[in-house]
Every structure is written in structure tokens, then in C-alpha cells.
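A.B. asks: mind folding the following:
(one chain, ligands or ions: 1)
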Amino acid sequence: MSPGFSHPPIAPGATIGILGSGQLGRMLAMAAARLGLASHVYSPDRGPAQDVCAKFTQAGYDDEAALGAFADSVGVVTYEFENVPARAAAVLAAHRPVLPGPNALEITQDRLTEKQFLHSLGIPTAPFAAVEDAGGLARAVAQLGRPSILKTRRFGYDGKGQAMVREGSDLAVVHRSLGASPCILEGVVTFARECSVVAARSADGSFAAWDVCENVHEHHILSLTRAPARIAPDTAAGAVAMTRRIMDALGYVGVIAVELFVVEERDSAGALRERLVVNEIAPRVHNSGHWTIDGAVTSQFEQHVRAICGWPLGSTMRHGDVEMRNLIGADVHRWRDILGETGASLHLYGKHEARPGRKMGHVTRIVGR
Ligand code: AMP
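C.D. replies: Numbers count the residues shown, from 1 in each chain. Below is the predicted model of the structure:
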């Protein structure tokens, strides 16, 4: 099925389908409920989305009968994570529109095809080389030098599936540490900051981006998002324009996040210039867009629902300068103090066990107007 919007419009009272039961699915379902829509969540695992949806199916992504029944019960299918198996997406798309389209999944599930896609659009990425085996890694290291970063092509997140290739690293050991799976090697980008563009596109091509935000990671996990990012206005405009090019090329419908490195360089006249390098694309709502729930007129979750239902996009206007902090692991035990803080908006995901590294909730503060 084409990624375009070719099914009858969805009206309040309808049910949307969400693949995945994590906190992103939960916040999507909550935004849908506010607009009078019910959600049917499908996942092999129980999770935070289950508490807030009208219907939950626990079944595998290889259970074609369950996928078909799920799709038949909803007006449109969307997802909270990009690793939806291609076969599952095809089965669903035979019943109902899957938005964003399966082409977005196919391209972004694999770091190599994602980078090749970006190159086809003339969008800069880190230098990279495909690595099939230890011999291929040696050739890639000869090309890109050390240090460099080896990443599995598929299933990486929050720094998982990555290993540094340093001076003296044994290449066979590094490759084996990632399960000897197909990988890409990336040159290290010396960036001044990490930013992301969260934006939405409708089937009719209309587009709306929130202000570019700035992200700070700790132990490879997002810790803090600031909106707006402290970058030059033309850098921000360039990042948004790249995002729109990506979405137009994919015929994208829904919310996307494009993660970028901002590199500072001196030009020949000695002036400091910012250059953008795209790190990765998430074909879904994103942690760096959580600030929009309390910090903007329309949240990323509501916007995604609007886009996949064929409804007009909402305003992305900010209410002020915003900071969003993730509550990771034991951070969540501060919930009572945060509740007592004027101006702090607390979001808890209903996860029972505060394991280290686990995203338990977030808190948003408007820090300036
Ligand atoms: P990723 O899973 O690709 O988003 O990588 C996780 C984090 O690792 C990024 O947010 C960066 O902080 C860092 N990182 C990833 N790739 C590179 C690179 N090529 N150069 C420098 N830092 C990187």
C-alpha cells in the first residue's frame, strides 16, 4: 500500500491501532483519548500503554492471524518503535493503512540503508563504511581511521549495539563483541552539541516542525532536552529544511525525529560556523519531543494522531523556554518533591521496577518566557 492517505477519513469515536506497549504508545493513546479516539495496542509484551488503552492484544509479530484481526478492528495502524518486522508491516498494510508507511520502517531499521538514503538526498552524515566480517572491519578502519565507532546495522538503541575502535583495539574482538553481525563503521564526529528536529507531515504534504531542541545524553541515554537549541537561526532553519526533505522523499505521514550533530568550525575568515550532520532518523514520536506536551500548543503525540487520521496539523508554538528531564531508574523516587515544585509537570509511565537505565518518567519545566 502506498504511504499516502487513501482510506476514509477517521472521525472521533474511531479506534486507532498502536504497535508497541511502551511509554511512547502510552502517551499516544492518551493524546488520542483527548481527541475522542480509542486505542487498540498490540504487543508481544505487557507494558505502560496497556493501562490506558481500550483494547490490548498480546501476540507476537509473527502471528499473522492476530495481526489481521487487530488491523480489522482499527481505522489506521501506527507504531511506537521502528523495529516492526517488515513481514508484520506488510500483513497489516494488506488490511489497513500503516502510517508512517512501511517504506519509512524499511529504510530506518538499518543504519546502512538509512545513511545511503540520506546520501541520495545530499544530506551529510558521519563518514561510514559497511562491515560484513572481521576482514571488512580491517578495510573499513583503514579507510576511516581510529578512533571510530562500530555499530550493528539493526536493533541498536541508547548506545546498545555499539563499540569503539580505538588505537590498539583488536578488530576481531570488537566485531565479536557485537555478535559478529552485519555492521557499519562510522568516523567519530567531533560535535559541539546534539540536536533534534521533531516534525510532522500530513498526506497532503503539509508540514509543521517544533523549534529545534538540544539533547544531552548520559551513559548514551537521553537525560535532558532544551527547547530551543542554542544554535544560530540559520542552522536551525537548515535542520528543519533537511527534515522536510527527508519527509517529502518518504511521502511520510506522522511525526518523525531527526537527530543531528552540530559541528563548530572556523571558516577561512576565522568566523565560527555551525555545520549539521544527521546521526539518525526515528520514524515515530521521540523522547526529545516529550517537552511538547507541556511546552507547546500541540504535543508531538497529538500531532501524530492528527496526521495519521488525516486531520489538520496543530500549532507547534512554544509556551516559553522549556527543559525536559528524563527520570531514569532511581530518579523516579523524587516524584513527591517534583509534585511539590511550582511549574514542574510530572509524567510517570506506570512502570513498577525502577531498574538502572530504565526510563521511568520525565519532568518538564518552563524555564523562561
Ligand atoms: P546512536 O545510537 O547512533 O544514536 O548513538 C548514540 C550516541 O552515541 C549519540 O547520541 C552520540 O552521542 C554518540 N555517537 C553516535 N555516533 C557517533 C559518531 N559517529 N560520532 C560521534 N558520536 C557519536
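A.B. asks: gap between the residue nearest to Met317 when sequence neighbours are not counted and Ser315?
C.D. replies: Counting by Cβ to Cβ, 6 or more residues apart in numbering, the nearest residue to Met317 once its immediate chain neighbours are dropped is Val297, at 4.8 Å. (Each C-beta comes from the backbone N, C-alpha and C, glycine too.) Distance of Val297 to Ser315, given as Cβ to Cβ, to the nearest Å: 4 Å.
A.B. asks: those two: which has the busier surroundings?
C.D. replies: A count of neighbours by other Cβ atoms under 10 Å puts Val297 above the other of Val297 and Ser315, at 14 against 11.
A.B. asks: find residues that contact each of Val297 and Ser315.
C.D. replies: Taking Cβ atoms under 8 Å, 6 or more residues apart in numbering as the criterion, Val297 and Ser315 do not both touch any residue.
A.B. asks: can you tell me the SS state at Val198?
C.D. replies: Here Val198 takes the strand state, with states given by DSSP: H, G, I helix; E, B strand; the rest coil.
A.B. asks: so it makes contact with Gln300?
C.D. replies: Yes. Under the criterion of Cβ atoms under 8 Å, Val198 makes contact with Gln300 at 5.5 Å.
A.B. asks: can you check which residues contact both of those two?
C.D. replies: Counting by Cβ under 8 Å, 6+ apart, the common neighbours of Val198 and Gln300 are Trp210, Val255, Val285, His286, Gly289, Thr292.
A.B. asks: looking at those, which is nearest Gly20?
C.D. replies: Closest approach to Gly20 among the shared contacts of Val198 and Gln300 (Cβ to Cβ): Val285, at 10.7 Å.
A.B. asks: pretty sure the closest one sits against Thr292.
C.D. replies: No. Taking contacts as Cβ under 8 Å, Val285 lies outside contact range of Thr292: 9.3 Å.
A.B. asks: common neighbours of those two, please.
C.D. replies: With Cβ under 8 Å, 6+ apart, Val285 and Thr292 have common neighbours Val198, Gln300.
A.B. asks: quick check: domain ranges of the chain?
C.D. replies: 15-98, 127-187, 193-368 (automatic domain parsing).
A.B. asks: where do the strands sit along the stretch 1-150 of the chain?
C.D. replies: 15-19, 38-43, 55-58, 76-79, 128-131, 148-152 (DSSP state E, counting those that start in this stretch).
A.B. asks: same deal with the stretch 151-300 of the chain?
C.D. replies: Remark: strands assigned in the stretch 151-300 of the chain by DSSP E, counting those that start in this stretch are 162-165, 183-187, 193-201, 207-209, 213-218, 221-227, 254-266, 272-282.
A.B. asks: so what does the fourth one touch, helix or strand wise?
C.D. replies: When contacts are defined as 3 or more Cβ pairs under 8 Å, 6 or more residues apart in numbering; DSSP states H and E, strand 207-209 sits against strand 193-201, helix 233-250.
A.B. asks: can you list the strands that it pairs with?
C.D. replies: Strand 207-209 pairs in its sheet with strand 193-201 (antiparallel), by DSSP bridges.
A.B. asks: so how far is Asp158 from Glu186?
C.D. replies: Separation of Glu186 from Asp158 (Cβ to Cβ): 17 Å.
A.B. asks: and the two? Which one has more around it.
C.D. replies: Higher neighbour count among Glu186 and Asp158: Glu186, with 22 against 14, using other Cβ under 10 Å.
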